[in-house]
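>>> pasting the sequence and the predicted model now:
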Amino acid sequence: MKKQLHVVLRVVTHIQQLNRLHLRTHSTVTASLLLGKPDSHSGQTLRQYGRLKEALEIFHSANQPYAWLLQCCADMNALSLGKMVHSHVIKTLLEFDIFLLNNLITMYVKCRSLKNARQVFDKMPERNDVSWNAIIAGCVQNGDGEEALHLFSDMQRAGWKPSNFTFGSVIKACAYLEALERGKQVHAYIINTGFMWDVFVGSGLIDMYAKCGSIEIARQVFDKMPKRIVVSWNAMIARYAQMGNGEEALKLFFELLRDGTRATYITFVCVLSACANLVALEEGKQVHALVLKTGFEAKILVRNNLVNFYAKCGNLDSARNMFDNMSERDVVSWNAMIAGTDHGGHGEEALELFCKMQHTGTKPNQFTFGSVLSACAGASALGQGKQVHAYIVKTGIESDVFVGNALIDAYAKCKSIEDASRIFDNMIERNTISWNAIMAGYSQSAVSENAVTLFCQMLLTGLKPDQFTFSSVLSACASLTTLEQARQVQAHIEKNGFIEADVVLGNNLIDVYTKCGSIEGACKVFDEMPKLDMFSWTAMVVGYAQHGHGSDALQLFEEMQQAGMKPNDVTFVGVLHACSQIGLVDKGLRYFDSMDKEYGIKAREEHYACVVDLLGRAGYLDEAHNFINKIPFEPGPLVWRTMLSSCRKHGNLELGRDTAEHILDLEPHRASTYVLLSNIYAAAGRWDDVAKVRKLMKDRGLRKEPGCSWIEVKNKIHTFVAGDRSHLQTKEIYERLEGLILQMKRAGYVPDINFVLQDVEQVQKEHSLYQHSEKLAIVFGIINTPLGTSLRIIKNLRVCGDCHTAIKFISRIVGREIVVRDANRFHHWNNGLCSCGDYW
């Protein structure tokens, strides 16, 4: 007992000496004695004796030791011991002074027990400004910003004037809640009370405005500060970097250096992040040099950001060198290297790094798995992706929404949409990214209709779609050519205000309307977009060309250049296609030459194919063949197929046969080549050669793709093949078709049996023509839509010449616009005329 008391007395004496000398910095020695940490002075600890109660009784005789004890408990996050001290104080003290109660509040706050802190605060017979500051700060530190603001109001009603510490906490509460308007009210109060130029208050305001998304006001506060500390600079630089304005972050950093303010390692972390996002390699290297000069490279946070910076800038060698030379690595180090390697297109190397990480014993987190799954997706490594999935299940973080989203994305990109769907269905929690990932997966697969269905389901959950959601569902609508659904999606886009803010969505809408056969809708979107980029102009030029509006495409191209917008290689595909559509051979050739000479754009195979089409469509087959021979690389199948189509159009048997041989050497198993060659022979009446080609197809196991047309009516797709009798309305369709053919013949229609490439009687040929899939789809549309409604048909093959003529008559008889998108282009028939001008 004497030995125990001796140690306690030594502690008490030590505390009283510290209290008299006001040496707070020495409280760690006291803490080590009281809370069981070895101390070189005593050689023993109080916890070894287990006599805290006796120690507290002795402390009762001292002047301030309870406060010191509570501070020690707070510093060491020792809640249970803090409660023991509190309990002893209640039993032994008749009166509580305000200083001790404030220390109790602080202890409970730092030990993350806001409930106990509030109980102490509420029972205080009197409070001072320190009491209010402690409880308000405690609410903020424990994530209860609303209560902090309520207490701030109560403090003012109680007549207490806030200090700079009060404002610091209240500003943090507004930032935490992203409560911009209340933050502005606090700002006004700060101005009225004269604390505006306090550097800590000013730095807090900068941070609050930035977190609330008002970076402009944050900058105004920063610019007006008469004195700035490094915290102010860091707050501003960090927010610019986080909001994607790396240029401004870098400007401020160099201004900081000119100002003479000494940067901290936090400053360098923020600036390196800005350089990484800007892919500003040279500027980042300058920052790295400053890091070395200031000695901050030893900080693991700085080294991690250097690895991330070099990796994002594509300098993987420097990133790997930095990573390999790190004396200490944490999970963030590995994540930065794995993610950078994956983004650099080295998925397999990223997977190897992940294996090495596991061997070091570093535990992966959700961000590790996100990068690893991305690497699996990029490498189409489904097997490895499933292994990673199994590891995720083993580590127990499969339910993490970030990991779930990464799994959906990886499975979808590895063409395993069933696995992606299963992950999505089993997710306990989903966010917008979850829905986006599965919709993108469906829209990129053969089940685009599921993406549209999921979009409708997402809206019912109350989740707000973002631009990526709309981009995926618009892609699905374009794939399905569902115009009405695309219009409904546009209504949602406009409702959410994206059409004015997001040029990418505007471009997507142009594309979907173009592909759905509504060039008017595409043009309307283009005209109403507040901002246009190069892709907007290109999408519209290509759209006009695809719809046979060649003159409009070329006029828009000229306007694009006048607007100072530089075209890209896709723009010239549209321009050359437009020239081909309207027979402007010389002008098309000039545009082709200008690609390299004026714009520095190297022609791709697609551009050469456009020129071949330009010459061949106009009947210059020899010139087209000579042009192919001058192509500076080995022409691919696209060029030769384009040539073969021109040979078929103009009936050039010999050149067509030679061209077909080139294609068969490159693509011996492509059925369409045999079909085209067979059609050329059939058109020339060489039925023996037709039979040989068809036998060759049969021997090689190839089959002709059947002609198929589909039409959307009331948000449902109806599909037809030639001679189709499977539809529920078959009887009505054929009866209406028979009557329509009689009307057409009376108006002058004569079936062109030259397009029946079969050796059968004329009556059979005519009967075959009447039952082509596009005619059946058109008649179905006439039956099931109101008078005057435009009909939009999609066909998988090229429209034949007879159908092209027949639809002219139909459009005039029924008084409808009829739009058909075939394998090559769009045709718009109206009142007996086609947009192609019969030049196709």
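Now that the structure is in, tell me what you want to look at.

>>> next, count neighbours for residue 97.
Residues lying near residue 97 (other C-beta atoms under 10 Å) number 12. Every residue, glycine included, has its C-beta placed from N, CA and C.

>>> distance-wise, check it relative to residue 104.
11 Å (C-beta to C-beta, to the nearest Å).

>>> go on, residue 772?
89 Å.

>>> helix or strand for the closest residue to residue 211 other than its chain neighbours, just tell me which one.
If the residues on either side of it in the chain are set aside, residue 211 comes closest to residue 175, at 4.4 Å by C-beta to C-beta, 6 or more residues apart in numbering. Residue 175 belongs to helix 164-177 when elements are defined using DSSP states H and E.

>>> next one, pLDDT for the residue nearest the centre of the chain please.
In the chain, the C-alpha nearest the mean C-alpha coordinate belongs to residue 468, at 5.7 Å (C-alpha atoms, centre = their mean). pLDDT, residue 468: 93.

>>> chain neighbours aside, what residue packs nearest to it?
The nearest residue in space to residue 468 (C-beta to C-beta, 6+ apart) is residue 436, at 4.7 Å.

>>> and residue 202, by the same measure?
Using C-beta to C-beta, 6+ apart, the closest residue to residue 202 is residue 225 (4.8 Å).

>>> now do the contacts for that neighbour.
197, 199, 202, 232 (C-beta atoms under 8 Å, 6 or more residues apart in numbering).

>>> rewinding a little: name the helix or strand for the residue nearest to the centre of the chain, please.
Going by DSSP H and E, residue 468 is part of helix 467-480.

>>> where exactly do the strands run in this protein?
708-713, 716-721, 791-795, 817-821, 826-830, 833-834 (DSSP state E).

>>> TSV for these, including mean pLDDT?
Shown next, in TSV, are the strands of the chain (pLDDT from 0 to 100):
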stretch	mean pLDDT
strand 708-713	92
strand 716-721	92
strand 791-795	93
strand 817-821	94
strand 826-830	93
strand 833-834	92
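
>>> by neighbours, which of the contacts of residue 225 wins?
residue 202 (26 neighbours).

>>> residue 161 and residue 155, how far apart?
9 Å.

>>> neighbour-wise, which of the two wins?
residue 155 (21 against 9).

>>> which residues touch that one?
Residue 155 neighbours (C-beta under 8 Å, 6+ apart): 132, 136, 162, 166.

>>> please repeat the previous calculation with a cut-off of 7 Å.
132, 162 (C-beta atoms under 7 Å, 6 or more residues apart in numbering).

>>> again with the one 5 residues further on
In this structure, residue 160 makes contact with 129, 132, judged by C-beta under 7 Å, 6+ apart.

>>> could you report the separation of it from residue 135?
According to C-beta to C-beta, residue 160 and residue 135 sit 12 Å apart.

>>> also residue 811?
On the measure of C-beta to C-beta, residue 811 and residue 135 end up 79 Å apart.

>>> what residue ranges in the stretch 301-450 of the chain score low on pLDDT?
Regions of the stretch 301-450 of the chain meeting the criterion pLDDT under 70 are absent.

>>> which residues in it form helices?
316-324, 331-343, 347-359, 366-378, 382-395, 401-413, 417-426, 432-443, 448-461 (DSSP state H, counting those that start in this stretch).

>>> TSV please, covering those helices and showing distance to residue 648 and mean neighbour count.
Shown next, in TSV, are those (distance: least, C-beta to C-beta, whole Å; neighbours: other C-beta atoms under 10 Å):
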stretch	distance to residue 648	mean neighbour count
helix 316-324	50	17
helix 331-343	47	24
helix 347-359	44	17
helix 366-378	41	24
helix 382-395	41	16
helix 401-413	39	25
helix 417-426	38	17
helix 432-443	34	24
helix 448-461	32	17
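
>>> so which of these gets nearest residue 816?
Set against residue 816 and scored by C-beta to C-beta, these come closest in helix 448-461, at 26.4 Å.

>>> only C-alpha atoms, please: export the closest one in PDB.
What follows is helix 448-461 as a C-alpha-only set of coordinates in PDB (Å, rounded to 0.1, in the frame of the first residue of the first chain):
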ATOM      1  CA  SER A 448     -30.700  -3.100 -76.000                       C
ATOM      2  CA  GLU A 449     -34.400  -3.200 -75.200                       C
ATOM      3  CA  ASN A 450     -33.500  -4.200 -71.600                       C
ATOM      4  CA  ALA A 451     -31.600  -1.000 -71.200                       C
ATOM      5  CA  VAL A 452     -34.800   1.000 -72.100                       C
ATOM      6  CA  THR A 453     -36.800  -1.200 -69.600                       C
ATOM      7  CA  LEU A 454     -34.300  -0.600 -66.800                       C
ATOM      8  CA  PHE A 455     -34.300   3.100 -67.500                       C
ATOM      9  CA  CYS A 456     -38.100   3.200 -66.800                       C
ATOM     10  CA  GLN A 457     -37.500   1.100 -63.600                       C
ATOM     11  CA  MET A 458     -34.800   3.500 -62.500                       C
ATOM     12  CA  LEU A 459     -37.200   6.400 -62.700                       C
ATOM     13  CA  LEU A 460     -39.700   4.600 -60.500                       C
ATOM     14  CA  THR A 461     -37.100   4.200 -57.800                       C
END
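
>>> would you point to the one among the strands of the chain that's packed deepest?
Highest mean neighbour count among those (mean count of other C-beta atoms under 10 Å): strand 791-795, with a mean of 25.

>>> backbone dihedrals for the residue nearest to residue 202, please?
Dihedral angles phi and psi of residue 225 (degrees, to the nearest 10) take the values phi -70, psi 120.

>>> just residue 444 next, same as before
Per degrees, to the nearest 10, the backbone of residue 444 is at phi -90, psi -10.

>>> gap between it and residue 409?
11 Å.

>>> thinking again about what came up before, nearest to residue 592 among the strands of the chain would be which one?
Across the strands of the chain, closest to residue 592 is strand 826-830 (C-beta to C-beta), at 23.3 Å.

>>> show me what the closest one is packed against.
Under the contact definition 3 or more C-beta pairs under 7 Å, 6 or more residues apart in numbering; DSSP states H and E, strand 826-830 sits against helix 801-814, strand 817-821.

>>> out of the ones you listed, nearest to residue 578?
Using C-beta to C-beta, the helices and strands packed on strand 826-830 put strand 817-821 closest to residue 578, at 16.8 Å.

>>> strand partners of that closest one, parallel vs antiparallel please.
Paired neighbours of strand 817-821 in the sheet (DSSP bridges): strand 791-795 (parallel), strand 826-830 (antiparallel).

>>> for residue 396, which of these is the nearest?
Going by C-beta to C-beta, the one of the strands paired with strand 817-821 nearest residue 396 is strand 791-795, 48.2 Å.

>>> could you report the neighbour count for residue 558?
9.

>>> now it: how far from residue 176?
Counting by C-beta to C-beta, the gap from residue 558 to residue 176 is 54 Å.

>>> ok, residue 421 next?
For residue 421, the distance to residue 176 equals 37 Å [C-beta to C-beta].

>>> closest to residue 79 out of the strands of the chain?
strand 716-721 (64.0 Å).

>>> against which helices or strands is the closest one packed?
Packing partners of strand 716-721 (3+ C-beta pairs under 7 Å, 6+ apart): strand 708-713, helix 773-784.

>>> thinking again about what came up before, dump the helices of the stretch 301-450 of the chain to JSON lines, plus distance to residue 709.
Output for the helices of the stretch 301-450 of the chain, formatted as JSON lines (distance: least, C-beta to C-beta, whole Å):
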{"stretch": "helix 316-324", "distance to residue 709": "51"}
{"stretch": "helix 331-343", "distance to residue 709": "43"}
{"stretch": "helix 347-359", "distance to residue 709": "41"}
{"stretch": "helix 366-378", "distance to residue 709": "36"}
{"stretch": "helix 382-395", "distance to residue 709": "36"}
{"stretch": "helix 401-413", "distance to residue 709": "30"}
{"stretch": "helix 417-426", "distance to residue 709": "27"}
{"stretch": "helix 432-443", "distance to residue 709": "23"}
{"stretch": "helix 448-461", "distance to residue 709": "18"}
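
>>> looking at those, spot the one closest to residue 682.
helix 448-461 (35.8 Å).

>>> got the angle between the closest one and helix 417-426?
With axes from the mean of the first three to the mean of the last three C-alpha atoms, to 10 degrees as the basis, helix 448-461 and helix 417-426 are set at 10 degrees to each other.
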